[in-house]
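Enquirer: Here is a sequence with its predicted model. Questions after.
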Amino acid sequence: MESTDTSPVKLHYFDIHGKADPIRLFLYHKNIEFEDHIVKGWKNFKFSGEYPFQQLPVLDIDGKRLAHCRAIFEYVSRKFDMVVDNPQDAYSVEYYSEGLNDLFSKFYGEYLLEKDETKRGEIEKGLLEDTFPLYFKQWESHFTTTKRDETGYLAGKLTFADFKMVCYLETWLMEESRKERFLPVLEQSAPSLHSYLLAKISGEFGHYFKSLARRPKRFR
């Protein structure tokens with residue numbers, strides 16, 4: 001149930017897409033006015049004491065300061081009626097979300113942060129040949145066997161799993177310097193999921209992805 005609280009909404013994160021991008025997409029999609037506060041300076045942030053646990057993203061909403069992505073997702077899901085009402089779909093939301101968390105750690109923590117070009121090339125090869133196909137094929141099977149591919153949503157209705165899946169895959173697979181190498185892996189491993197991603201980017205979420213100037217620079 002949406003509240004009538006008029007407290008300013010403010011999203012705090014670094015100048016990258018990262019974990020805040022699904023929250024940012026959600027706010028745009030719901031036409032919620034908010035301040036997109038870019039936190040600069042790792043040392044200043046880490047020791048400022050301003051943020052819970054010295055971690056980001058943080059979302060200020062309804063006069064509260066929310067921390068931890070999963071907790072933020074849960075709060076806004078209940079506030080804006082994005083909670084599914086059966087065990088299978090609830091499982092699907094967590095199934096995709098946990099898998100995306102796994103890949104997030106591998107992509108950002110291992111691939112993008114590797115400065116040695118040779119090692120980075122080896123990690124990329126592993127992502128394209130092993131890790132991505134493994135996850136994409138499993139997701140494709142789940143998406144089609146639950147027949148949620150027929151609804152256009154991962155869990156039968158719009159949930160945070162959709163915001164997270166679309167934002168993460170768009171950043172990982174469709175960044176211009178990677179697109180020709182990375183996106184075909186999704187198309188080959190998970191054709192239904194590939195169609196879902198492109199449909200969301202060009203359709204329901206198109207207003208966001210056509211306004212990339214509103215988003216922070218990519219984390220290369």
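Expert: Arrived safely, thanks for sending. In this text, all values refer to a predicted model and were calculated from it rather than measured experimentally.

Enquirer: I'd like to know how far Leu198 sits from Gln54.
Expert: 38 Å (Cβ to Cβ, to the nearest Å). All C-beta atoms are positioned from the backbone trio N, CA, C, and that covers glycine.

Enquirer: neighbour-wise, which of the two wins?
Expert: Using other Cβ atoms under 10 Å as the criterion, Leu198 and Gln54 rank with Leu198 on top: 16 against 12.

Enquirer: For that one, give its distance to Phe160.
Expert: From Leu198 to Phe160 the distance is 20 Å (Cβ to Cβ).

Enquirer: same check, this time on His17
Expert: 16 Å.

Enquirer: Likewise for Val185?
Expert: For Val185 relative to Phe160 (Cβ to Cβ), the value is 24 Å.

Enquirer: of the two, who's got more company?
Expert: Comparing Val185 with Phe160 by neighbour count (other Cβ under 10 Å), the higher total belongs to Phe160, at 26 against 18.

Enquirer: Next up, the contacts around that one.
Expert: Contacts for Phe160 (Cβ atoms under 8 Å, 6 or more residues apart in numbering) come out as 22, 26, 73, 76-77, 82, 93, 97.

Enquirer: how about a cut-off of 7 Å?
Expert: Counting by Cβ atoms under 7 Å, 6 or more residues apart in numbering, Phe160 touches 22, 73, 77, 82.

Enquirer: Not counting sequence-adjacent ones, nearest residue to the residue most central in space within the chain?
Expert: Closest to where the C-alpha atoms of the chain average out (Cα atoms, centre = their mean) is Lys164, at 2.9 Å. Nearest residue to Lys164, sequence neighbours excluded (Cβ to Cβ, 6 or more residues apart in numbering): Pro22, at 4.3 Å.

Enquirer: Same check on Tyr208?
Expert: Tyr28 (4.8 Å).

Enquirer: can you check Phe14 too?
Expert: With sequence-adjacent residues excluded and distances taken as Cβ to Cβ, 6+ apart, Phe14 is closest to Val39, at 5.6 Å.

Enquirer: Now do the same for the one you found: its pLDDT.
Expert: At Val39, the model reports a pLDDT of 86.

Enquirer: just Tyr108 next, same as before
Expert: 89.

Enquirer: Ser97 now?
Expert: 97.

Enquirer: one step back: can you get me a residue count around the residue nearest to Tyr208?
Expert: Neighbours of Tyr28 (other Cβ under 10 Å): 18.

Enquirer: so it sits in a strand?
Expert: No: if the criterion is DSSP: H, G, I helix; E, B strand; the rest coil, then Tyr28 is helix and not within a strand.

Enquirer: my guess is it meets Phe209, correct?
Expert: No: look at Tyr28 against Phe209 with Cβ atoms under 7 Å: they stay out of range, at 9.9 Å.

Enquirer: For the contacts of Phe160, which ChimeraX command selects only the ones that are buried?
Expert: Burial among those is assessed by 16 or more other Cβ atoms under 10 Å; the matching ChimeraX selection reads:
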select :22,73,77,82
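
Enquirer: Nearest to Trp139 among the contacts of Phe160?
Expert: Pro22 (16.3 Å; Cβ to Cβ).
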